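> Sharing a model prediction with you, sequence too.
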Amino acid sequence: MIALAWLIPLFPLAAFLINLCFGKRWLKHATGPIASAAIGLSALLSIAVFAEVLGGKTRTVVQLYEWIGVGDFRVDVAALVDPLSSVMLLVVTVVSFLVHVYSIGYMEHDDGFWRFFTWLPLFVFAMLILVLADNYLLMFVGWEGVGLCSYLLIGFWFERPEPAGAAKKAFVMNRIGDWGYTIGMITTFLVFGTLNYVEIFDRVGIASQGVLLLICLTFFLGATGKSAQLPLSSWLPDAMEGPTPVSALIHAATMVTAGVYLVARSTPLFAAAGPALQIVGVVGALTAIFAATIALAQFDIKRVMAYSTVSQLGYMFLALGVGAPIAAIFHLATHAFFKALLFLGSGSVIHSVGGEQDMRRMGGLRSKMPVTYWTMLIAGGALAALPPLAGFWSKDEIVCSAFQNGYPLLWAVGVFTGALTAFYVTRALWLTFHGEPRDHHLHEHAHESPRVMTLPLMLLAVGAVTAGFAGFPPDAGFIHRFLAPALEVSEHEPQYLTIVLLALASVVAGLVGIGVGLSMYARHRPDPTAVSRAAGGLYTLLVNRYYVDELYDRRFVDLAKRAAGASWAFDMHIIDGLVNRLGWLFTLAASGLRRAQTGIVGNYALSIVAGLLAIMVVYGGYAVGVLRR
């Protein structure tokens, strides 16, 4: 099956081409089943490839054709199938398939149904190219592809100003990160003479630590753009302006995981680049706590989940930074299930209450939407890292790794962020499903979503419960043995007493967060309104998301607009102005000369005679001058 690995991205590409060519006129609502079936075939083939890798084929290159061949420089369109890429294939295709099926119900009445199911499989195709590539240049093709598709899908409702602005913001901020990726890729080629992963990792020793640090930091800049880390994180919450299934796909299985995958794939480079990993870990920790604090004060249900994603991605980079890449990929996989479930569950709620996203207008929906409630409760528990749910095993392994590998401060940040996470997810679930209805009109019309939407929720809930067991026992589970060859991580003897004590501290922190959330929102002790008033400026700061967007607008966007305005003025008044004035001079001269064109033959004859007389006078004067000499 590994030899057929290239069919995995080709199935969604075929769905894209079919729906693009025939969707609007003929296929219409059939585009949804076509796209879903294509992703389903990719998922089945991904499972078969995963099973074959599990059977012992830990590194296989499937070459399709030679793409670039100039002298000794060669770039192939080839797939690298190893434990890391096989895990990513499994996560991307399975979660994407469930999102596609869910979308058939969610987008049923949208006028752009066929267009949605044209872009959605293209998104998956680009992500699969990124994952399967055996070199940085082919990865960059997928990297740019997911950026393009995110622009198209975030701005799907482009007739509205908010989605159009959010799509543009995502595109511009990702271009900043892509600039870093490009510089890193060019530098890599100049140093190693190749862009192939295996060849580069075999030659790491020929580069100095300073050059490797430059390569890794520029690659990490690209990762911060795609995976929404500081300082390029603010585009992801705004991406909520797109349809909810798009949010689930971006946050769980495609675009934002690309940066984590890039750093994990480049582990040999980062490990040899001095402080590169420490920088990754610190940025991840800061992003995790930064986004978690903002989520405490948001009332848009999708925005809470968006900041949660930014925070959880921070955990993944924290894991990479403390030398635990397996824990990072493990959390990426478990997070894909419970975060997709949280977003699709939020979409189910929004679908039920007529598009409302403000949790302050909800409440009491538990009895109206039992399947959505229980599945979201499972996902919320996984996000809060409650045992034995999936998030407990992967997130706690990250914070344990930080402590065991000598980063106690990052461990403390991880534990505290875990408490904040448990609080804000408790708050979101309570405001949405519990208490008295705060808008009786919305509550009366609320209803459970159709089976095509609830069945994916139930399947994702199974993943949110069971996926974590791949990491049991801690530091020595199936996922560790499976990924170790691809990430070049040596096995070590787990210190179970330390692990249990650290996990206990994390669980206690999570329970404290849940307890505070229930006390505030179920019992009003203390009352949330009183707390927000007492917090004063801090609460205002969190509600306004630390004014990051305002800061960027004033310091960068406005400056860029002024620079663009100056460039426009220079172009209009200097470049175009010079050309226009030259044309004006010719026009002026021509307007004077054209008066000589009277159309009267006598005038022309007189002009000829006058011209001859003038010539004779000139030559006569010249002749006289010569004779006098």
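Okay, I see it.
> name the helices or strands packed onto the single longest strand found in the chain?
The longest strand of the chain (DSSP state E) is strand 60-70. Contacting strand 60-70 under the criterion 3 or more C-beta pairs under 8 Å, 6 or more residues apart in numbering; DSSP states H and E are the following elements: strand 73-81, helix 136-154. Any C-beta I mention is one placed from the backbone N, CA and C, and that applies to glycine too.
> change it to 6 Å
Judged by 3 or more C-beta pairs under 6 Å, 6 or more residues apart in numbering; DSSP states H and E, the packing partners of strand 60-70 are strand 73-81.
> contacts for the strand it packs on?
With contacts defined as C-beta atoms under 6 Å, 6 or more residues apart in numbering, strand 73-81 is touched by 2, 5-6, 60-68, 132, 134-135, 137.
> Pull out the buried positions in stretch 270-281.
With burial defined by 16 or more other C-beta atoms under 10 Å, the residues of stretch 270-281 counted as buried are 270-273, 276-277, 279-281.
> Out of those residues, name the ones that lie in helices.
Counted as lying in helices by DSSP state H, out of the buried residues of stretch 270-281, are 270-271, 276-277, 279-281.
> what residue ranges in this protein are flagged as low confidence?
Low-confidence segments of the chain (pLDDT under 70): 490-492, 629.
> Please repeat the previous calculation with a cut-off of 80.
Along the chain, the parts satisfying pLDDT under 80 run over 488-494, 592-601, 603-604, 621-629.
> Longest helix of it, counting residues only.
For the chain, the longest helix by residue count, based on DSSP H, is helix 161-192.
> how big is the angle separating that one from helix 136-154?
Counting by axes from the mean of the first three to the mean of the last three C-alpha atoms, to 10 degrees, helix 161-192 points 180 degrees away from the direction of helix 136-154.
> list the contacts for residue 95?
252-253, 336, 340.
> Rebuild those as a markdown table, extending it with neighbour count, distance to residue 346 and secondary structure.
Formatted as a markdown table, the contacts of residue 95 follow (neighbours: other C-beta atoms under 10 Å; distance: C-beta to C-beta, whole Å; DSSP: H, G, I helix; E, B strand; the rest coil):
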| residue | neighbour count | distance to residue 346 | secondary structure |
| --- | --- | --- | --- |
| 252 | 29 | 12 | helix |
| 253 | 28 | 16 | coil |
| 336 | 28 | 16 | helix |
| 340 | 30 | 11 | helix |
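> which residues are contacting the helix or strand just after the longest helix of the chain?
Heading C-terminal from helix 161-192, the first helix or strand you meet, by DSSP states H and E, is helix 197-202. With contacts defined as C-beta under 6 Å, 6+ apart, helix 197-202 is touched by 192, 268.
> Next, the buried residues of helix 197-202.
Counting neighbours by 16+ other C-beta under 10 Å, the buried set in helix 197-202 is 197, 200-201.
> In CSV: these, plus distance to residue 539.
Supplementary listing: the buried residues of helix 197-202 in CSV, determined by distance: C-beta to C-beta, whole Å:
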residue, distance to residue 539
197, 47
200, 49
201, 48
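> Out of those, which is nearest to residue 368?
For the buried residues of helix 197-202, the residue nearest residue 368 by C-beta to C-beta is residue 197; the value is 50.6 Å.
> how near is that closest one to residue 226?
Here the criterion is C-beta to C-beta, to the nearest Å. By it, residue 197 lies 18 Å from residue 226.
> Next: residue 350.
26 Å.
> With neighbour numbers in mind, choose between these two.
Between residue 350 and residue 226, residue 226 has the larger neighbour count (other C-beta atoms under 10 Å), namely 29 against 18.
> what sits against that one?
Applying C-beta under 6 Å, 6+ apart, we find residue 226 in contact with 258-259.
> and what of the one 3 residues further on?
If you count contacts by C-beta under 6 Å, 6+ apart, residue 229 has them with 283, 287.
> State the three-state secondary structure for it.
On the three-state scheme (DSSP: H, G, I helix; E, B strand; the rest coil), residue 229 is labelled coil.
> Buried ones among the contacts of strand 73-81?
For those, buried by 16+ other C-beta under 10 Å: 2, 5-6, 60-62, 132, 134-135, 137.
> Let me have these in a markdown table, extended by distance to residue 152.
Formatted as a markdown table, the buried ones among the contacts of strand 73-81 follow (distance: C-beta to C-beta, whole Å):
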| residue | distance to residue 152 |
| --- | --- |
| 2 | 32 |
| 5 | 26 |
| 6 | 24 |
| 60 | 33 |
| 61 | 32 |
| 62 | 29 |
| 132 | 22 |
| 134 | 27 |
| 135 | 26 |
| 137 | 23 |
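> what's the closest of those to residue 505?
Set against residue 505, the nearest of the buried ones among the contacts of strand 73-81 by C-beta to C-beta is residue 132 (39.5 Å).
> ok, the closest one to residue 276 distance?
From residue 132 over to residue 276 the distance is 25 Å, taken as C-beta to C-beta.
> Skip the chain neighbours and tell me the closest residue to residue 499.
Counting by C-beta to C-beta, 6 or more residues apart in numbering, the nearest residue to residue 499 once its immediate chain neighbours are dropped is residue 474, at 5.0 Å.
> An error on my part: the question was meant for residue 158.
The shortest distance from residue 158 to any residue that is not its chain neighbour, by C-beta to C-beta, 6+ apart, is 5.1 Å, and that residue is residue 164.
> do residue 387 as well
Once its chain neighbours are removed from consideration, residue 387 has its nearest residue in residue 507; the separation is 6.4 Å (C-beta to C-beta, 6+ apart).
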